[in-house]
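Visitor: Sequence plus predicted model, see below.
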Amino acid sequence: MSNGAATTLPSISKKMQTRSDRKRKAAKAQQSQGSHEVQDAPVDDTTKPNSAFADKKNIMWVLLSGAMALTFVVMLFLPDTGMGTGLLSTYAAMLWCGFFGAALWRYRSGSGWAGFAYGSVIGFVVQFASQLI
C-alpha cells in the first residue's frame, strides 16, 4: 500500500515550477530594466537632498521670523490690540525679536545664541518704548 498524501502530484509540482520560473523571469526583467534606466538617465551632480531645516543660509527663516517679529512690534503700538501692556507682551516681543535675531545671525554665519540675545534686548527696548509713546 502506498500513501497518496506522501507523494506529490504532477500538477502541483508543475504549478510550483512555473511559479518559481515566473518569479525568476520577473526578477531578471526588473534587474535588466533597472540597469537600462540607470544608463539612460542623465547624471546631474547639482541636485542635492532637501535640507531646509539644517541649512543656515536659508533666507526663508529670516523672512518668516522677521514677519512675526514685525507683527508683534506693530501690535505693541496699535491701540486696543491687547498687546500694549502686560508681561505677556514683553515676553512676546522678546521672543519673536530674539527668533529674528537668531535667524539673522545664523544667516550671516554668526552665533545663533548671540543673535537671540541681541534680538531679545531689542524686543524688550521696543516694548518699553511702546509704553512711553
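Guide: Yep, that arrived. Numbering: from 1, shown residues only.

Visitor: what about the protein, any weak spots by pLDDT?
Guide: Scanning the chain for pLDDT under 70 picks out the ranges 1-17, 34-56, 81-86.

Visitor: what's Ser111 in contact with, if anything?
Guide: Counting by C-beta atoms under 8 Å, 6 or more residues apart in numbering, Ser111 makes contact with Trp105. To be clear about C-beta, it is placed using only N, CA and C from the backbone, and glycine gets the same treatment.

Visitor: Okay, buried residues for stretch 103-110 please.
Guide: Residues of stretch 103-110 classed as buried by neighbour count (16 or more other C-beta atoms under 10 Å): Ala103, Leu104, Trp105, Arg106, Tyr107.

Visitor: Which residue ranges of this structure form helices?
Guide: Here the chain has its helices, by DSSP state H, at 10-40, 59-77, 87-107, 112-132.

Visitor: what angle separates the last one from helix 59-77?
Guide: Taking axes from the mean of the first three to the mean of the last three C-alpha atoms, to 10 degrees, one finds helix 112-132 and helix 59-77 inclined to each other by 20 degrees.
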